[in-house]
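1. here is a sequence with its predicted model. Questions after.
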Amino acid sequence: MARVWKTAGMGAAAGLAVPVAGLSGLAAAGFALILVLAMFGVGPARLSQSSLWGLLTSELMLYLLISLAIFTLSFRFLARLQARCQALVARINAQQSLSFDAGHLLGYPAPAFLVFDRQHRKLAVCSIVDEAWRIHDFSWLLSWQITWREVESMEMNGGSRQINASGMSVPTFERTVRAKDFAIELQTADPQRPVLSFPMSRRAAETWCARLNAIFNG
């Protein structure tokens with residue numbers, strides 16, 4: 001049970017670290033730009049600050065420091081997690097005399113990931129939580145595909161329609177379908193876990209689908 005909670009906790013932290021790092025980095029860049037412009041008397045910040053000292057001790061500077069702190073913590077967490085994953089792969093290679101590619105980890109930054117050895121046609125399912133791994137032949141992976149979820153919504157299309165003779169009109173709406181929650185789904189020869197799913201962005205999913213084709217069929 002402790003291992004399950006540890007895995008879930010690390011998985012949640014890793015899943016949040018990427019968007020948190022991105023958002024805090026954008027916020028820090030935005031606050032820094034506002035401060036720089038304010039120093040030259042441009043932008044809304046100059047209206048309330050009469051001196052450089054007043055600007056540096058303003059709430060804006062506090063928000064910038066908070067954003068930088070959050071970005072730094074998130075980035076360090078991801079960097080340490082990646083270093084641990086790569087160290088685990090290096091240890092597997094040294095112990096098993098294999099050539100797993102630590103530069104391409106399917107599933108990172110999730111605590112469980114797959115790594116591939118084209119030379120020996122092996123793959124390893126690894127867990128950074130307890131640093132365990134299991135090695136399989138390529139035949140263990142039966143197939144892979146990109147999956148996603150479609151969400152329908154009603155959005156204004158920019159037009160309008162007349163509803164009575166007086167000329168009154170209302171906006172018109174149209175149904176749109178958006179794809180979200182992309183993932184790479186693997187079908188395996190393991191009856192206990194026949195399907196493995198790794199959520200990621202659409203671009204990353206397309207890249208990994210092409211990479212798997214190259215690894216297994218190249």
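-> Perfect, thanks for sending it.
2. pLDDT below threshold where in the chain?
-> 1-25, 28, 30-31, 33-58, 154-174 (pLDDT under 70).
3. now the strands for it?
-> 112-117, 122-127, 132-137, 141-162, 169-188, 195-199 (DSSP state E).
4. what's the burial count for residue 186?
-> Neighbourhood size, residue 186 [other C-beta atoms under 10 Å]: 23. Any C-beta I mention is one placed from the backbone N, CA and C, and that applies to glycine too.
5. wait, it sits on residue 193?
-> No - checked against C-beta atoms under 8 Å, the pair residue 186 and residue 193 is beyond contact range at 9.7 Å.
6. grab the nearest non-local neighbour of residue 112.
-> residue 127 (5.0 Å; C-beta to C-beta, 6 or more residues apart in numbering).
7. tell me what that neighbour is bridged to.
-> residue 112, residue 132 (DSSP bridges).
8. my guess is residue 113 contacts residue 107. True?
-> Yes - proximity of residue 113 to residue 107 meets the contact threshold set by C-beta under 8 Å, at 3.5 Å.
9. now do the shared contacts for those two.
-> Here residue 113 and residue 107 have residue 198 as joint contacts, going by C-beta atoms under 8 Å, 6 or more residues apart in numbering.
10. CA atoms of stretch 67-77 as CSV?
-> Coordinates of each C-alpha in stretch 67-77 appear next as CSV, following Å, rounded to 0.1, in the frame of the first residue of the first chain:
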residue,chain,number,x,y,z
SER,A,67,7.0,33.1,-10.0
LEU,A,68,10.7,32.6,-10.2
ALA,A,69,10.7,30.5,-7.0
ILE,A,70,7.9,28.2,-8.3
PHE,A,71,9.6,27.9,-11.7
THR,A,72,13.0,27.0,-10.1
LEU,A,73,11.5,24.4,-7.8
SER,A,74,9.5,22.8,-10.6
PHE,A,75,12.5,22.8,-12.9
ARG,A,76,14.8,21.3,-10.3
PHE,A,77,12.2,18.6,-9.5
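11. in it, what's buried?
-> Residues of stretch 67-77 classed as buried under the neighbour-count rule (16 or more other C-beta atoms under 10 Å) are 67, 68, 70, 71, 74, 77.
12. for residue 208, see how far away the first one is.
-> Between residue 67 and residue 208 the computed distance is 31 Å (C-beta to C-beta, to the nearest Å).
13. what does the third one give?
-> Summarising the geometry, the distance separating residue 70 from residue 208, computed by C-beta to C-beta, is 28 Å.
14. same check on the last one?
-> Distance, residue 77 to residue 208, by C-beta to C-beta: 23 Å.
15. can you check the fourth one too?
-> Remark: distance between residue 71 and residue 208 (C-beta to C-beta) = 26 Å.
16. same check on the fifth one?
-> Distance of residue 74 to residue 208, given as C-beta to C-beta: 23 Å.
17. so can I have JSON lines of the strands of the chain showing distance to residue 27?
-> Listed next are the strands of the chain as JSON lines, based on distance: least, C-beta to C-beta, whole Å:
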{"stretch": "strand 112-117", "distance to residue 27": "29"}
{"stretch": "strand 122-127", "distance to residue 27": "33"}
{"stretch": "strand 132-137", "distance to residue 27": "38"}
{"stretch": "strand 141-162", "distance to residue 27": "27"}
{"stretch": "strand 169-188", "distance to residue 27": "23"}
{"stretch": "strand 195-199", "distance to residue 27": "24"}
